[in-house]
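[1] Build me a structure from this.
(2 chains)
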There are 2 protein chains.
Amino acid sequence: MQDRHYILRDVHIIHINGAIKRDHYVEVKEGKIKTIGKMPVPKEKCHLPVISGDNNWLTAGMYNTHAHTPMTLLRGVADDVPLQVWLEKEIWPREALLDKEAVMTGTSLALAEMIRSGTVAFLDMYHLHMDKVFETTLESGIKAVLSRGMIAFGTEEEQEAKRKEAVRFANEWNEYGAGRMKGMLFPHAPYTCPPSFLEKVVEEAAIHELKVGIHVAETEKECQDHLKKYHKRPITHLAELGFLERDAILTHVVHVGEEEWPLLASSSVTVSHNPMSNLKLGSGIAPVTKMKREGIDVTFGTDSTASNNNLDMFEEMRIACLLQKGVFQQPEAIEAKEVFQMATINGAKALGFGDDGLIQEGAPADFILIDKKAFHLQPEQNIFSHLVYSASGHDVTDVFVDGVCLMRKRELQTLDEEKIYYEANRSFKQLEEKKQRGVQR
Amino acid sequence: MQDRHYILRDVHIIHINGAIKRDHYVEVKEGKIKTIGKMPVPKEKCHLPVISGDNNWLTAGMYNTHAHTPMTLLRGVADDVPLQVWLEKEIWPREALLDKEAVMTGTSLALAEMIRSGTVAFLDMYHLHMDKVFETTLESGIKAVLSRGMIAFGTEEEQEAKRKEAVRFANEWNEYGAGRMKGMLFPHAPYTCPPSFLEKVVEEAAIHELKVGIHVAETEKECQDHLKKYHKRPITHLAELGFLERDAILTHVVHVGEEEWPLLASSSVTVSHNPMSNLKLGSGIAPVTKMKREGIDVTFGTDSTASNNNLDMFEEMRIACLLQKGVFQQPEAIEAKEVFQMATINGAKALGFGDDGLIQEGAPADFILIDKKAFHLQPEQNIFSHLVYSASGHDVTDVFVDGVCLMRKRELQTLDEEKIYYEANRSFKQLEEKKQRGVQR
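    Okay, the predicted model is just below:
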């Protein structure tokens, strides 16, 4: 359904504030929600094309604030090993072999998986063939904030070249696709980018009005190493470098020093909490309950499928919520509705898609339909509880972004499912053969 | 497919020991696996009825070692509150209103959800209308170990009556349905059953050769209260009462005293680890890595959907595994294959279904098919990784128990989907109306 003006009828709208509108229709015009009304559709609108919502739930889509989509090709190559072994023996040698085609294939596989599981927008940070990642993403119809990631080892010249390329990429694609695509700057981490480099990134971000993001405080070891090297913890260091003043998206933030809380609370940063990746890599559990108490915006990210191993944001929501209750032995630590808001409107805001997820007149027509009849969502009541504690991405039947239907009755509308399945497996096989032959890019 | 003798063709068999047999067929006769062979099906077997496995993965089904299925009707009635509020204000008042019909409806809903998500056998402990739970379960074709749960407050006579009823129930139904159904004895917990009662349960179990199970060491508070009352921790107490000598299934076991490890390790108990319920109720995280090291058999249970909130065993596997890595900051703490074994063969053994899950000639024809083409299971490789870290119950397409097909291409074969959906919602609505009117059973 690519019509610019149509009616989606027979839906129960679940607003993220808790309001439920039963038996409604949504009129979509030019990518926005024009009106919302109680069924039946009024006579004067009956000439419009109509899609049936099959009495399913209509709610905000998921906003994944941290991904490395091309790495989806590496799902399952290595698990259950320490981080350094994982990186040095399994991930980096394969990444060194990823050509353009492999990067596009991995991205397509990720896009298919994200749309199928109800994600309407995501943030991506990667360093290989990012223009191809951009093109592939643009075609899918999803919203995205992309960055050419920067690891700033090497000489001054090499660092400068990387920064320039990242700025070029972000500027070239920022606000493309009528604002559906954005560019941003994403230096990898305080331990892979020297302070002088990060300061320059902050300057560039200010000049070009770009968002910034970084991985930080992922492991206790990172924090201890930083303390040794710079005599301060990494978040403190970022604050000194001006990084926190740029509405930064800080990814992970698992290990926060007591003295760092006021720095986070007094800034406008957003945390991208990646609970499954943090668990799988043995990094620990981010203090989300405390972040909430301190008024720090929390959102969720999947991280790459090499450390997750899927892109289902419903799982991140569920795990994030359960972890805070279980680890701190406080069942009341966090509520289903709050967690749903983190995954939806908080994510939209962090990614710069302001009104997204609000399902109100004038807002972008970004939403998903959820199979109301799934057994694990019965009896029908307390819908936020079902969405957070029982639903999964598999329950999503339809996905709309800027009014364009990306999935209809569980079939992708903008991507070729058979092709993606075939190419992902072919590409992976080629990669493993190259690795065994010891071929370098 | 209720034929007693047939061929399931075109499957890739994933053995729990890691062996993969590509392009095979399975010949099923009278509930057992008669032969396994490489495709094509030999000429002399071509007269047999044939089912296509669609080139999907065939592997062991899930064994859920802890559930309270009738409570499935209470999914989502209350979350995010402390345990006592949850029990006293939300769960118990509703349970007091559950009539026969509601119990059967809740059980049917659970059965539908379990079969859909690949569970082939489960243990259930509940206290209301258990004969109806039995009948409903028997009809579904799933395997089950059922118990009339015992909370032994009240006078000696009341306790005796409860014990007698539990023994009657277990004996009446044990080994019913050609051994597909079993009875067992399940006193609720050391804090709800006095020591003298537990001793008598152990005696009865010995006389009638019945399995025993109990909830124990779920919360730190339970352990501290037990220490105060009896000057010993609850697992120690169970050991003294002879409970651990009965191949007991101990549910939860979150808080183990240092001195209790040898008691567990030297006995033949199995732990039913319920990670999501333990998180959600704020109970803590069971020391599964240590249990593994001590040689204690671990299996997984979902607990009831009132504290989970679904019955998808794939999620329990994933969370169990990730928690051990994350909480103890050890990515190598536990491997995907081990976790898969816990959910399958360990569970089968604990429930008394010995050879189940082995997918070998002579073993019961209990297995599931998994959609090999799901995007989140690509690229195809390292299948245990995909099964544990990325798959979900939604990926299960077909379920076979004792050779009978309970789900075919995602449609339940022995249960009426529409009826269950309709009745679950009607029953719940009636329950809430009764509660509001203050009606007692």
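
[2] Count the residues that sit near A:Glu245.
    By other Cβ atoms under 10 Å in any protein chain shown, the residues close to A:Glu245 number 16. Yep, even glycine has a C-beta here, placed from its N, CA and C like the rest.

[3] what about it, distance to chain B?
    Distance of A:Glu245 to chain B, computed by Cβ to the nearest Cβ, to the nearest Å: 32 Å.

[4] and if you look at A:Ala365?
    25 Å.

[5] relative to helix B:313-327, how tilted is the helix or strand where A:Glu316 lies?
    If you go by DSSP states H and E, A:Glu316 is part of helix A:313-327. Comparing the axes of helix A:313-327 and helix B:313-327 via axes from the mean of the first three to the mean of the last three Cα atoms, to 10 degrees yields an angle of 60 degrees.

[6] Helix A:313-327 near chain B at all?
    Yes - against chain B, helix A:313-327 shows contacts by Cβ under 8 Å from any Cβ of the partner chain at A:Glu315, A:Ile319, A:Leu322, A:Leu323, A:Lys325, A:Gly326, A:Val327.

[7] what does stretch A:296-311 give?
    Yes - among the residues of stretch A:296-311, A:Thr305, A:Asn308, A:Asn309, A:Asn310, A:Leu311 lie within reach of chain B under Cβ under 8 Å from any Cβ.

[8] Which members of those are the farthest-apart pair?
    Spanning the widest gap among these are A:Asn309 and A:Leu311, at 9.0 Å by Cβ to Cβ.

[9] what's the overlap in contacts for the two?
    B:His376 (Cβ atoms under 8 Å, 6 or more residues apart in numbering or on different chains).

[10] And the contacts of the helix-or-strand element of chain A with minimal mean pLDDT?
    Every helix and strand in chain A was compared by mean pLDDT, DSSP states H and E; the lowest is helix A:83-85, with a mean of 81. Helix A:83-85 is contacted from outside by A:Ala78, A:Thr219, A:Leu281, A:Gly282, A:Ser283, B:Pro331, using Cβ under 8 Å, 6+ apart.

[11] what is the mean pLDDT for the helix holding A:Glu316?
    Mean pLDDT, helix A:313-327: 96.

[12] what's the answer for stretch A:42-49, then?
    Mean predicted lDDT for stretch A:42-49 stands at 96.

[13] That one: which residues count as buried?
    A:Lys45 (16 or more other Cβ atoms under 10 Å in any protein chain shown).

[14] again, but for stretch A:257-265
    A:Glu260, A:Trp261, A:Leu263, A:Leu264.

[15] what number of residues lie near the residue in the stretch 1-150 of chain A positioned nearest to chain B?
    Residue nearest to chain B within the stretch 1-150 of chain A: A:Gly76 (3.8 Å; Cβ to the nearest Cβ). When neighbours are defined as other Cβ under 10 Å, A:Gly76 has 24 of them.

[16] same thing with A:Arg4?
    What A:Arg4 shows, counting by other Cβ under 10 Å, is a neighbour count of 11.

[17] Let me know the pLDDT of it.
    Looking at A:Arg4, its pLDDT reads 87.

[18] contacting residues for it?
    Counting by Cβ under 8 Å, 6+ apart, A:Arg4 touches A:Lys29, A:Glu30, A:Gly31, A:Gly403.

[19] what would those residues look like in a markdown table with neighbour count?
    Formatted as a markdown table, the contacts of A:Arg4 follow (neighbours: other Cβ atoms under 10 Å in any protein chain shown):
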| residue | neighbour count |
| --- | --- |
| A:Lys29 | 15 |
| A:Glu30 | 11 |
| A:Gly31 | 17 |
| A:Gly403 | 24 |
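
[20] I am finished for the moment; much appreciated.
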